[in-house]
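Undergrad: take this sequence and fold it.
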Amino acid sequence: METRASYVTVGAFVMICMLGLIVAMLWLTGAQYREEYIYFRTFFNGPVTGLGRGTIVRYNGIDVGNVTQLEFDPADPRRVIATLQTTPTLRLRADSIASIESQGLTGASYVEIAGGAPDSPLLTAQPGQEYPVIPSKPSTLQQLAQTGPELVSRFNVVGERMSDLLNDDNRKALAAVLSNLRNTTNVIDQHEKDIDAMLANLRAVSANLNKTLANTDKALGSADTALTSANKAIGTLDRAFTSADATVKKVGQLSDDADKIIAGQSAAQFTQLMAQTRALVASLTRLTNDLEREPTKLIYGDTRQGYSPR
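TA: I've put the predicted structure just below:
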């Protein structure tokens, strides 16, 4: 009976542990399913090599979710529809851009979302859209892959043209040019002293020419000064001649007036005027002499008193 009781106890303990484990798993599973996400969609043109379910989605380099579904666009089979599951706190702007990036040249691919401007409106689902649609652009590697064939074609054209340029005839001509250039260089080396002497002579001639030009400039300056002085002298002579002409004209006019006065009837009056003028000059002379002898006489009068008999 004791052995059978211990078996019952162990079995009950095991059943309780299994029940607890099942409850814990159900609780964890329920907590996981209770966590909310938000979803976006984006359209990629061309192949999406490297993407799959569970591929990381990053916003400005930070992990914010993953890819949950990839499918072809029914309207355009060249496009791929990617459904993105992100954290509920992510707020994308209407001008956000999604692209496929890679961690290095050989690293894993991921979806990169570049943030929009702060003043842009929030990205929301438009009528007829199940989820908001993020505009996309080709990544740098995709652009390089798209332009790779064209670049290779251009390199091929350049290679063909280089081959045509460096054919046998052109190589011979280029070798001849290099040979002539080598010969010319040797000739220059042989006449190095002569070239140095010629350059020295050129420097001397240039120095003499500079001196000659300086002397010529001085001579031209002196000539300009002389011409200026001559012009001034000519101007002075012109003014002197003008003054002389005016003086001659005035003298002639005075002579004509004197002839008219002398020849006219006023000769007697003129004679009388000359006599009165002489008398006036004599009076002024006497007055001047008196003032020179006695300057105070003009102010105080004659203060001398003569002898008056009593």
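Undergrad: for residue 53, what are its contacts?
TA: Contact partners of residue 53, counting by CB atoms under 8 Å, 6 or more residues apart in numbering, are 66-70. For the C-beta atoms, the positions are set from N, CA and C on the backbone; glycine is no exception.
Undergrad: now, among those residues, which is nearest to residue 206?
TA: Nearest to residue 206 among these is residue 67, at 80.1 Å by CB to CB.
Undergrad: is that closest one located within a helix, as I assumed?
TA: No: read with DSSP: H, G, I helix; E, B strand; the rest coil, residue 67 is strand and lies in no helix.
Undergrad: my read: it touches residue 83, true?
TA: Yes: using CB atoms under 8 Å, residue 67 is in contact with residue 83, at 7.0 Å.
Undergrad: comparing those two, which residue is more hemmed in?
TA: residue 67 (20 against 16; other CB atoms under 10 Å).
Undergrad: quick check, residue 131 in contact with residue 123.
TA: No: with contact defined as CB under 8 Å, residue 131 does not count as touching residue 123 (10.0 Å).
Undergrad: more neighbours, the two?
TA: When residue 131 and residue 123 are compared on other CB under 10 Å, the one with more neighbours turns out to be residue 123, at 20 against 16.
Undergrad: local confidence estimate at that one?
TA: Residue 123 is assigned a predicted lDDT (pLDDT) of 88.
Undergrad: just residue 117 next, same as before
TA: In this model, residue 117 carries a pLDDT of 85.
Undergrad: surely it forms part of a strand?
TA: No: read with three-state DSSP, residue 117 is coil and lies in no strand.
Undergrad: what about it, neighbour count?
TA: 9.
Undergrad: ok, it - contacts?
TA: Counting by CB under 8 Å, 6+ apart, residue 117 has contacts 93, 95.
Undergrad: with the one 5 residues further on instead?
TA: Counting by CB under 8 Å, 6+ apart, residue 122 makes contact with 91-94.
Undergrad: mind checking which helix or strand residue 26 is in?
TA: In this assignment (DSSP states H and E), residue 26 forms part of helix 2-34.
Undergrad: going through the contacts of residue 122, which ones are buried?
TA: For the contacts of residue 122, a burial check counting by 16 or more other CB atoms under 10 Å picks out 92-93.
Undergrad: what's the farthest-apart pair in the contacts of residue 122?
TA: Farthest apart among the contacts of residue 122 by CB to CB are 91 and 94. That separation is 11.2 Å.
Undergrad: hmm, back to that, name the residues contacting each of residue 131 and residue 123.
TA: With CB under 8 Å, 6+ apart as the test, residue 131 and residue 123 both reach residue 40.
Undergrad: and of the contacts of residue 53, the nearest to residue 200?
TA: Out of the contacts of residue 53, the member with the shortest distance to residue 200 (by CB to CB) is residue 67, at 81.8 Å.
Undergrad: list the contacts of the nearest residue to the closest one once chain neighbours are set aside.
TA: Leaving aside its sequence neighbours, residue 67 sits nearest to residue 55 (CB to CB, 6 or more residues apart in numbering; 4.2 Å). Residue 55 makes contacts with 66-67, 108-111, as judged by CB under 8 Å, 6+ apart.
Undergrad: where does residue 55 land on pLDDT?
TA: The model's pLDDT for residue 55 equals 90.
Undergrad: ok, it to residue 135 distance?
TA: 19 Å (CB to CB, to the nearest Å).
Undergrad: which parts of the stretch 51-200 of the chain are strands?
TA: For the stretch 51-200 of the chain, strands defined by DSSP state E, counting those that start in this stretch occupy the ranges 56-59, 62-73, 76-86, 97-102, 109-114, 133-134.
Undergrad: alright, that wraps it up for me.
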